[in-house]
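# only geometry, no sequence info:
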């Protein structure tokens with residue numbers, strides 16, 4: 001039986017999104033940021049001491065995410081080389097998965113006085129999650145043909161939204177009604193949530209690990225191969241100049257993905273500190289984003305088949321610009337709840353459509369994999385830069401609102417670059433029609 005176009009294999013691959021997306025929802029968006037700010041904010045004092053140095057609590061958190069993505073970006077060429085090694089690829093996929101899940105579970109021991117544990121576990125969890133995705137996406141070309149990869153990716157995103165929302169519901173029930181679960185202290189219920197995230201992630205990942213195909217690749221990994229992996233990234237960047245539209249896209253992508261990912265990682269911190277949204281208001285808002293994001297992914301997939309990937313992506317970025325710029329003026333929870341609808345709608349199709357759009361601007365040969373590796377490298381560096389800017393701008397301006405305008409301007413420039421691709425594609429009148 002062929003490994004490609006096998007529905008069981010594709011579904012098993014997509015189930016890793018179901019397993020790991022609980023990290024992005026419960027640790028990044030819903031539960032941990034609230035718990036972290038509650039334990040590190042004392043009245044008007046939001047300063048914390050981390051290994052002897054004083055930081056603003058939210059800036060320190062942003063820096064921890066930035067460090068994780070920076071390290072991942074630096075070592076990405078090596079990790080991508082490992083994706084071509086049969087045994088090591090599966091080993092490192094599992095290693096990053098278990099590393100991230102264990103770090104999430106480790107947050108159970110954070111009680112407020114041990115801020116170092118919280119920041120280290122948060123950073124390691126981020127490193128484990130993002131690192132595992134390198135190996136996760138490396139399997140996609142082996143299980144799906146190029147014309148199937150977009151639907152497979154969207155299936156993964158959708159399962160991720162559904163699975164993480166399910167665990168969030170369980171977590172909320174446990175936090176609001178701890179006696180249902182024979183828990184006597186509310187804070188213990190919150191901390192048990194972190195254990196559940198780790199267990200959920202590891203448990204459902206086994207489905208993926210069991211069904212994924214065993215690679216026949218047997219590339220050797222040594223010092224020479226590691227050095228060559230960095231040289232290869234430089235060569236790939238130079239080769240990108242041969243494809244002007246792809247180069248324009250990667251510049252646009254760098255700007256808008258930095259803005260979008262930073263917003264997603266920092267949104268909860270923003271609404272708690274700047275909008276003063278309470279827990280009972282924040283959780284429903286996150287639900288709105290989750291539900292609308294699933295709808296947005298579905299609509300984006302349908303719309304892309306009618307008007308094209310690039311056009312659909314442009315509309316999504318336009319929605320994000322309106323949402324991001326409007327956030328600067330948001331002062332009440334109700335106002336943010338309205339924005340949450342647009343945020344979720346724009347979020348739904350951005351990630352899957354970005355990758356497939358870039359793929360269709362590339363040559364349909366083995367070299368396209370090199371460009372996709374470079375694409376992933378750019379994303380990681382941009383998230384690191386975005387989170388650092390977010391944290392630094394708060395320290396500089398004593399507010400998070402300045403960063404909202406900065407990232408809105410990045411989105412606008414990214415949109416202009418995307419529109420230029422449509423313009424130049426029309427002018428060049430390419431002989432080979434690209435289904436954007």
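In hand now; what should we look at? All of these numbers come straight from a predicted model, not from anything done at the bench.
# low pLDDT regions in this structure?
1-3, 5, 86-87, 186, 215-220, 348-349, 352, 365-367, 424-436 (pLDDT under 70).
# Could you chop it up by domain?
Per the record, the chain has its domains at 1-221, 236-436, by automatic domain parsing.
# Residue 228: which of the ones you listed is closest?
domain 1-221 (8.3 Å; CB to CB). Using the backbone N, CA and C atoms, a C-beta is placed for each residue, glycine as well.
# roughly how far is that closest one from the heart of the chain?
Averaging C-alpha positions (CA atoms, centre = their mean, to the nearest Å) puts domain 1-221 10 Å from its chain's average.
# Helix or strand: which one has the spatially most central residue of the chain?
Nearest to the geometric centre of the chain sits residue 261, at 6.2 Å (CA atoms, centre = their mean). Using DSSP states H and E, residue 261 sits in helix 244-273.
# and that helix, what other elements does it pack with?
Packing partners of helix 244-273 (3 or more CB pairs under 8 Å, 6 or more residues apart in numbering; DSSP states H and E): helix 32-40, helix 57-82, helix 279-307, helix 309-327, helix 333-360, helix 367-397, helix 401-428.
# what's the angle from it to helix 279-307?
160 degrees (axes from the mean of the first three to the mean of the last three CA atoms, to 10 degrees).
# What angle do helix 57-82 and helix 244-273 make with each other?
Relative orientation of helix 244-273 versus helix 57-82 (the same axes, to 10 degrees): 150 degrees.
# just how off-centre is helix 244-273 within its chain?
Counting by CA atoms, centre = their mean, helix 244-273 is centred 10 Å from the centre of its parent chain.
# and the domains of the chain as JSON lines, adding distance to residue 228?
Below are the domains of the chain laid out as JSON lines (distance: least, CB to CB, whole Å):
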{"stretch": "domain 1-221", "distance to residue 228": "8"}
{"stretch": "domain 236-436", "distance to residue 228": "12"}
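# Of all those, which one is nearest residue 229?
Smallest distance to residue 229 across the domains of the chain (CB to CB): 3.9 Å, for domain 1-221.
# Residue 7: neighbour count?
Neighbour count for residue 7, taken as other CB atoms under 10 Å: 7.
# My guess is residue 287 contacts residue 165. True?
Yes - Residue 287 is in contact with residue 165 according to CB atoms under 8 Å; the separation is 7.1 Å.
# Next, the buried residues of stretch 214-234.
Buried residues in stretch 214-234, counted by 16 or more other CB atoms under 10 Å: 215, 225, 229, 232-233.
# got it, and stretch 295-307?
Neighbour-count burial for stretch 295-307 flags 295-297, 299-301, 303-304 (criterion: 16+ other CB under 10 Å).
# ok, now stretch 244-262?
Under the neighbour-count criterion of 16+ other CB under 10 Å, stretch 244-262 has 245-250, 252-262 buried.
# For that stretch, which outside residues touch it?
With contacts defined as CB atoms under 8 Å, 6 or more residues apart in numbering, stretch 244-262 is touched by 240-241, 317, 320, 324, 347, 350, 354, 357-358, 361-362, 371, 374-375, 378-379, 382-383, 385-387, 389-390, 403, 407-408, 410-411, 413-418, 420-421, 424-425.
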